[in-house]
Structures are given as structure tokens and as C-alpha cells.
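K.L.:
the following block contains a protein sequence and its predicted model.
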Amino acid sequence: MSEIEQRLQELTNAVLAGKAEEARQSTYAALARGSTTNEVLDALLEAVNILVDLYDVGEYDRSKLTTAENAVNSCLQVVEDRLVKSERRFNLKATVGPVGMKGGGLLALALSAILRSIGFQATCLGKTQTALELLRNSEELGVDLVIPLLADDEIEAQLRTFVEEMDRGGFRSKFEVIPIAPDLADTVQMPITTARNSSEAISKATEWALKRHSARKGE
């Protein structure tokens, strides 16, 4: 394991343990040894995904989730200046927010930071809310992209309800929506783009933004 990989692993471990100061120092150390912002955020996301899974199955309680969030924020404070520089690349606004997902606020925090690093002006709507609330809050912010985090219980029904709310409120014409729908079967067809995990959502959001950015330049 290289020294950079070791520092990034220390960051992941610090977030898992909810140790804010260790997370901060590990972030500084990784960057000092040549780690990129994206590598730091990937290490952060690795920890967050583990924490959300543990919380979902009842092996992690709310108080530990709070200390983990403090550790995540400590890391993000270190890279904030870098995120400010990168977030206007696409000139597109995005929101990320949980709709019934346990521990979704923590995941929304990490994903919004990653979106900022790749070029979005992203806002974390961390409080769990209904589909309509997320859509309305996103509309008020004048966003171009919304990434809802759906719970993995009865995921197909949740997704269909979300689409119904989009259509009922006329939101489909206002912004792109890429829900993260864990364990959605490959055979399920939806009239919107979906992602099965965080990495797929980031990939699809980037692809969409590049196409949008290219189209704007060609106008």
C-alpha cells in the first residue's frame, strides 16, 4: 500500500469511528502527499456507504451517525476551497436529498460534495422528506438536476410514486431527475433515468452534464 493509499484508508477509518479531528488530519496528510480531491471524496464515500448500510440493518445508532457526520464535515472543511473552485465548471445547479432513506442525510452530504468536485453547484437537502417536498425545495432553488435517495424497501413502488409526483406537479420540464434506487430490478422500465448506487448516479450525472454543457457551447 502506498503512502497516499494509507492516508486515505486512515481517513475512511476515522469517519467510520466518528473521529472528527483524525478525519481532518488524515485529509490534510493525504492532500500533502499528492492525493487529489476526488480521491479524498472517494475515501469519504466509501466510509459513508458502509455506515449507511450498518445503520439500515440496525448495527449503527443515531448518535453514532451524528458523530460520523461531524467527521465528514471536518474532512469537507479541509477541501472546501478546492470545491469552490471546481463547482462552477458546468454552470449547473443540483440538489441531493433523501426520500425515506435511513441515514440518507449523511449520504446526501457526501454526494453533494462529489458533485461539487466534478463541476456542479450542489446543495445537500439532508433532512428526510417526501418526494413532493424534495421536488418543491429543488424548484425553489432553481436547480437543473435533482438526485433523490430512495429507501430500498419496495423500491419499485417508491419510484413509481416519485414519477407520479413529478408529473402531477409538472416538474419533469423544470429539471433532470436521477433517483438512486437500490436493488431495482433490471427488468423494471421507468420513464426517467435511474441509478442503483452512488457511483452510478455520479457517472450518469456527469454524462448528462457534459452533454448539456456541450449543447450550450454549440448554441
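P.N.:
It's in.
K.L.:
okay, CA-based contacts and neighbour counts for the rest of this
P.N.:
OK.
K.L.:
show me what the lengthiest strand in the chain pairs with in its sheet, parallel or antiparallel.
P.N.:
Looking across the chain with DSSP state E, the single longest strand is strand 92-99. Sheet pairing here is set by DSSP bridges, and for strand 92-99 it gives strand 120-124 (parallel), strand 145-150 (parallel).
K.L.:
so after the shortest one, what's the next helix or strand?
P.N.:
Per DSSP states H and E, strand 120-124 leads on to helix 131-140 as the next helix or strand towards the C-terminus.
K.L.:
can I get that following helix in CSV, CA atoms only?
P.N.:
This file holds the C-alpha atoms of helix 131-140, laid out as CSV (Å, rounded to 0.1, in the frame of the first residue of the first chain):
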residue,chain,number,x,y,z
ALA,A,131,-41.0,13.3,-2.9
LEU,A,132,-43.1,16.4,-3.3
GLU,A,133,-41.1,18.3,-0.7
LEU,A,134,-37.8,17.5,-2.3
LEU,A,135,-39.2,18.5,-5.7
ARG,A,136,-40.6,21.7,-4.4
ASN,A,137,-37.5,22.6,-2.5
SER,A,138,-35.3,21.9,-5.6
GLU,A,139,-37.6,24.1,-7.7
GLU,A,140,-37.3,27.0,-5.3
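K.L.:
and the spatially most central residue of the chain, how far is that from Thr12?
P.N.:
Closest to where the C-alpha atoms of the chain average out (Cα atoms, centre = their mean) is Leu111, at 1.9 Å. Leu111 is 15 Å from Thr12, where distance means Cα to Cα, to the nearest Å.
K.L.:
what does Thr123 give?
P.N.:
Per Cα to Cα, Thr123 is found 23 Å from Thr12.
K.L.:
those two: who's more crowded?
P.N.:
Legend: neighbour count by other Cα atoms under 10 Å for Thr123 and Thr12, higher for Thr12 (27 against 22).
K.L.:
what's the helix or strand for the more buried one?
P.N.:
Counting by DSSP H and E, Thr12 is found in helix 3-17.
K.L.:
after the longest strand of the chain, heading C-terminal, what element do we hit next?
P.N.:
helix 104-118.
K.L.:
could you check the helix or strand encompassing Glu46 and say which residues are buried?
P.N.:
Using DSSP H and E, Glu46 falls within helix 37-56. For helix 37-56, a neighbour-count test (16 or more other Cα atoms under 10 Å) marks 37, 39-49, 51-52, 55-56 as buried.
K.L.:
what about the longest helix in the protein?
P.N.:
Longest helix in the chain by number of residues (criterion: DSSP state H): helix 62-86.
K.L.:
run the chain-centre distance for it.
P.N.:
13 Å (Cα atoms, centre = their mean, to the nearest Å).
K.L.:
run the angle between that helix and helix 37-56 for me.
P.N.:
Computed by axes from the mean of the first three to the mean of the last three Cα atoms, to 10 degrees, the angle separating helix 62-86 from helix 37-56 equals 160 degrees.
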